[in-house]
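Trainee: Requesting a structural model of the entry that follows:
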Amino acid sequence: MNKLLRKFNAKNSLLKGVLVLFLIPYLLNFVGCSGCIYSFTGASVPPHLKSIAIPFADDRSGAGEPMLRELITQKLTDKFIQDNSLRIADRSTANAILETVITGLQDAPAVLVSGETVETRRITISVQVVYRDLVQRKTIFEKQFSNYGDYSVGGGTDSRNASITLAIDRITEDILLDTVSGW
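Mentor: Residues are numbered from 1 along each chain as shown. This is a model prediction of the structure:
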């Protein structure tokens, strides 16, 4: 009886080992991992659009904010790369183009305390976007996007720059979602 139990346990151990070796990688492959990036937003992009050109944003805000056009262009490009719905391409080979014009950057009081002391300010960035289908030669949309980031007055330029970065992150996310899901 003991021999039979040991044989059963040995076979069971072997079976468990085989299951572990094959089942765990299989599950990890289909369940996913926290470091992986998956996107399901591009399901509605027309099949003939495979790539997009994102030229440098034009800054007509008059704000004189250094590197604003570069920051918006880079963040928008990064969002499209992460989303993976449309491949980034040069204008000459792209199926679509996303042209952006920064129309405003407003820095205004957001929170007042005890009397009229400003505690928090709000940076609001506005961008005009034209999304064109270069294959069918038509404008898909022309929209105004606006978003914001708040900062503490006592935080100095680092705090203000962080609010600009937040506003850019929010506005580029809005643009991406409208571009790949707004069909």
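Trainee: Run the chain-centre distance for stretch 100-109.
Mentor: Here stretch 100-109 is found 20 Å from its chain centre; the criterion is Cα atoms, centre = their mean, to the nearest Å.
Trainee: could you dump that stretch to CSV, C-alpha only?
Mentor: C-alpha atoms of stretch 100-109 as CSV (Å, rounded to 0.1, in the frame of the first residue of the first chain):
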residue,chain,number,x,y,z
THR,A,100,-2.4,72.1,-33.5
VAL,A,101,-2.4,75.8,-32.8
ILE,A,102,-2.0,77.0,-29.2
THR,A,103,-4.6,79.8,-29.0
GLY,A,104,-4.3,80.7,-25.3
LEU,A,105,-2.5,80.3,-22.1
GLN,A,106,-4.3,81.9,-19.2
ASP,A,107,-2.9,82.2,-15.6
ALA,A,108,-5.7,83.4,-13.3
PRO,A,109,-6.5,83.2,-9.6
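Trainee: avg pLDDT for it?
Mentor: Across stretch 100-109, the average pLDDT comes to 96.
Trainee: Stretch 163-176 now?
Mentor: So the average pLDDT for stretch 163-176 ends up being 97.
Trainee: can you check stretch 63-75 too?
Mentor: Mean pLDDT, stretch 63-75: 95.
Trainee: Identify the residues contacting Ser61.
Mentor: Ser61 makes contact with 68, 102-105, 125-126, according to Cβ atoms under 8 Å, 6 or more residues apart in numbering. All C-beta atoms are positioned from the backbone trio N, CA, C, and that covers glycine.
Trainee: Nearest spatial neighbour of the spatially most central residue of the chain, chain-adjacent residues omitted?
Mentor: Central residue of the chain (Cα atoms, centre = their mean): Lys79, 3.5 Å from the mean position. Counting by Cβ to Cβ, 6 or more residues apart in numbering, Leu176 is the residue found nearest to Lys79 once chain neighbours are left out, at 4.5 Å.
Trainee: Regarding the one you found, what is its secondary structure?
Mentor: helix (DSSP: H, G, I helix; E, B strand; the rest coil).
Trainee: where's it relative to Val130, distance?
Mentor: Distance, Leu176 to Val130, by Cβ to Cβ, to the nearest Å: 15 Å.
Trainee: neighbour-wise, which of the two wins?
Mentor: Using other Cβ atoms under 10 Å as the criterion, Leu176 and Val130 rank with Leu176 on top: 23 against 14.
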